[in-house]
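Engineer: let's see this in three dimensions:
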Amino acid sequence: MLSRITLRQLEYFVACGESGSIIKASERIHVSSPSISAAITHIETELGVQLFVRHHAQGISLTPIGGKVLQEAKLIVEQTKNLYSIASDSLNAVRGPLRVGCFDSLAPMITPELVHGFARAFPGVRVTQREGDHDQMLEWLRRSEIDIALTYDLHLVDEIAFAALARLPPHIIVGAQHPLASLSAVTLADLETYPMVLLDLPYSREYFIGLFMNAGVSPNIVMRSSQLEVVRSMVANGLGFSIAHVRPRANLSQDGRRIVRVRLAGEHQPLRLGIATLKGARPLKVVEAFAHRCRTFISDQYIPGMAATSFFDPHIASLDRVG
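Structural biologist: Here you go, the predicted structure:
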């Protein structure tokens, strides 16, 4: 009977069972909702049992038998992944599924070149990608829902292995008409009287506020957002300055207004961008190959999708404001 259920259908079922929603599963594995619904219906028909209870406008929940089937399905999917690894080892080839997690604000910049470029380089690899905050990355690693994560060295725990690849020092972003936009550098004390827009993410907000506390300065936070692009738009529209680590190559917000980066003077602890994996996990060849690509493509001198660190040279900074 199981021969009439495909591995792909089982993957869709597992995604639904873990997400508790067909829509969330669709966003997680980048497959259309109708395709996922059809896969679940097919499995239920083949097994002759109801796997989910559908709740109007409230997602789905597993039935008791559905929970048992989910456990077995996860084992089958994991065992199949191991088969790819064994075959790859014997052929000295890179193939099979790869599940990559990426910190939300990093994904738009680094994944097109890094993740999707990897998939193009190794046609035998099937890549899926998930975005979330730092805590989600760690939880997905613990639950073996992803194989590797691109994230920061924030609140790392013992069971997570982290390899730092690049340092991202903090800098200031302001709108083109902001009084600070013409300066080559500013101090935290210079910022105290100006309104601030805070990137309000777990650990990130503590880091940013901690910069001011260490300098004996109280920031004047007037707006907050958990979305980097929203923060950039607020800044570009003159609502205040913000502090950031990522350096998008485009100096425009999504509504087309110009953003200026200004060097933050003084010594400040940078965030470290790197790759996180679960300690003790069997090192799959495809994961090792992707980790090698990350180490090759990410450094202090170059990060995919970001402006070069030479921005922090005052001469380059002045050119950036003119362009």
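
Engineer: for the rest of this, base every contact and every neighbour count on C-alpha atoms.
Structural biologist: Noted.

Engineer: for Glu131, helix, strand, or coil?
Structural biologist: strand (DSSP: H, G, I helix; E, B strand; the rest coil).

Engineer: that one and Cys102 touch, don't they?
Structural biologist: Yes: judged on C-alpha atoms under 8 Å, Glu131 makes contact with Cys102 at a distance of 4.9 Å.

Engineer: more neighbours, these two?
Structural biologist: Using other C-alpha atoms under 10 Å as the criterion, Glu131 and Cys102 rank with Cys102 on top: 26 against 20.

Engineer: once you drop chain neighbours, what's closest to Arg258?
Structural biologist: Distance criterion C-alpha to C-alpha, 6 or more residues apart in numbering; nearest residue to Arg258, sequence neighbours excluded, is Leu252 at 4.5 Å.

Engineer: ok, now which ones touch the one you found?
Structural biologist: By C-alpha atoms under 8 Å, 6 or more residues apart in numbering, the contact set of Leu252 is Ala236, Arg258, Ile259.

Engineer: cool, and Ile173?
Structural biologist: Counting by C-alpha under 8 Å, 6+ apart, Ile173 has contacts Arg232, Val235, Phe241, Ser242, Ile243, Ala244, Ile259, Val260, Arg261, Val262.

Engineer: from Pro123, how far off is the residue nearest to Ala236 when sequence neighbours are not counted?
Structural biologist: Leaving aside its sequence neighbours, Ala236 sits nearest to Gly175 (C-alpha to C-alpha, 6+ apart; 4.1 Å). Distance of Gly175 to Pro123, computed by C-alpha to C-alpha, to the nearest Å: 43 Å.

Engineer: who has more neighbours, the two?
Structural biologist: Using other C-alpha under 10 Å, the more surrounded residue of Gly175 and Pro123 is Gly175, with 27 against 12.

Engineer: surely that one touches Val235?
Structural biologist: Yes: judged on C-alpha under 8 Å, Gly175 makes contact with Val235 at a distance of 5.4 Å.

Engineer: what do those two both touch?
Structural biologist: Joint contacts of Gly175 and Val235 (C-alpha under 8 Å, 6+ apart) are Phe241, Ile259.

Engineer: coming back round to it: local confidence estimate at the residue nearest to Arg258?
Structural biologist: The model reports Leu252 with a pLDDT of 92.

Engineer: helices of the stretch 101-250 of the chain, residue ranges please.
Structural biologist: 107-121, 134-142, 188-191, 204-214, 228-236 (DSSP state H, counting those that start in this stretch).

Engineer: and of those, who's closest to Val49?
Structural biologist: helix 134-142 (28.9 Å; C-alpha to C-alpha).

Engineer: how does the chain divide into domains?
Structural biologist: The chain breaks down by automatic domain parsing into domains covering 1-93, 170-269.

Engineer: and the ones you listed as JSON lines, adding distance to Cys294?
Structural biologist: Output for these, formatted as JSON lines (distance: least, C-alpha to C-alpha, whole Å):
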{"stretch": "domain 1-93", "distance to Cys294": "18"}
{"stretch": "domain 170-269", "distance to Cys294": "17"}
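
Engineer: what's the closest of those domains to Glu145?
Structural biologist: The nearest among these, by C-alpha to C-alpha, is domain 1-93 at 9.2 Å.
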